[in-house]
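Engineer: Give me the fold of what follows.
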Amino acid sequence: MRLWHEEIIHLLPKNQLLGQHRECCALRGNGWGKKHKTVDYVFLYSPYHLFIYHLLVMDEMEKRGYKVSIEWRDKNYRGKTAEKYDSLEEKTVDKPIYKEHNAEYMIECIENLEKKGIELEV
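Structural biologist: Okay, here's the model as predicted:
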């Protein structure tokens with residue numbers, strides 16, 4: 001489980017992009033708060049931050065012609081089995097969305113992709 005650095009979302013191959021959507025859906029749903037070494041930092045922020053990050057992923061998917069269930073564009077939606085938020089508070093979200101997505105993390109993401117045989121043109 002990983003959230004790719006937000007600056008490379010538009011460069012991700014199909015499998016990684018669609019996988020990222022699944023990860024976001026899982027984290028926004030019943031996966032919220034469930035510890036996982038790679039993404040624990042996400043839980044230090046409001047779920048609204050994850051919603052904003054997920055919007056970047058969904059926007060890229062739609063640019064490439066993929067259909068995204070409209071429900072996921074609702075900040076309060078958490079999937080079919082998780083209880084919706086009553087009214088998730090909107091917050092000002094800086095860039096990067098997660099301060100952990102820094103230059104060092106960018107290198108880590110690129111190296112991770114290279115190990116999978118994926119070369120990005122950054």
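Engineer: burial of residue 23, as a residue count?
Structural biologist: 22 (other C-beta atoms under 10 Å). Placement of C-beta: from N, CA and C, glycine included.
Engineer: ok, it touching residue 4?
Structural biologist: No: with contacts counted by C-beta atoms under 8 Å, residue 23 stays clear of residue 4, the gap being 9.1 Å.
Engineer: Residue 103 versus residue 49, what's the distance?
Structural biologist: With distances taken as C-beta to C-beta, to the nearest Å, residue 49 is found 20 Å from residue 103.
Engineer: and the two? which has more neighbours close in?
Structural biologist: A side-by-side neighbour count of residue 49 and residue 103, using other C-beta under 10 Å, places residue 49 first with 16 against 9.
Engineer: which parts of stretch 44-52 are buried?
Structural biologist: For stretch 44-52, the neighbour count (16 or more other C-beta atoms under 10 Å) marks 45, 47-52 as buried.
Engineer: Next, format these as CSV and append pLDDT.
Structural biologist: CSV is the format used below for the buried residues of stretch 44-52 (pLDDT from 0 to 100):
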residue, pLDDT
45, 97
47, 98
48, 98
49, 98
50, 98
51, 98
52, 98
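Engineer: Output the longest helix anywhere in the chain in CSV with nothing but the alpha carbons.
Structural biologist: Determined from DSSP state H, the single longest helix within the chain is helix 47-63. The C-alpha coordinates for helix 47-63 follow below in CSV (Å, rounded to 0.1, in the frame of the first residue of the first chain):
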residue,chain,number,x,y,z
PRO,A,47,-9.7,12.6,5.9
TYR,A,48,-10.4,15.7,3.8
HIS,A,49,-6.7,15.6,2.7
LEU,A,50,-7.1,12.1,1.4
PHE,A,51,-10.3,13.2,-0.5
ILE,A,52,-8.3,16.0,-2.2
TYR,A,53,-5.5,13.6,-3.1
HIS,A,54,-8.1,11.1,-4.4
LEU,A,55,-9.5,13.9,-6.6
LEU,A,56,-6.1,14.2,-8.3
VAL,A,57,-6.1,10.5,-9.0
MET,A,58,-9.7,10.5,-10.3
ASP,A,59,-9.1,13.6,-12.5
GLU,A,60,-6.1,11.8,-14.1
MET,A,61,-8.2,8.7,-14.6
GLU,A,62,-10.9,10.6,-16.4
LYS,A,63,-8.4,12.4,-18.6
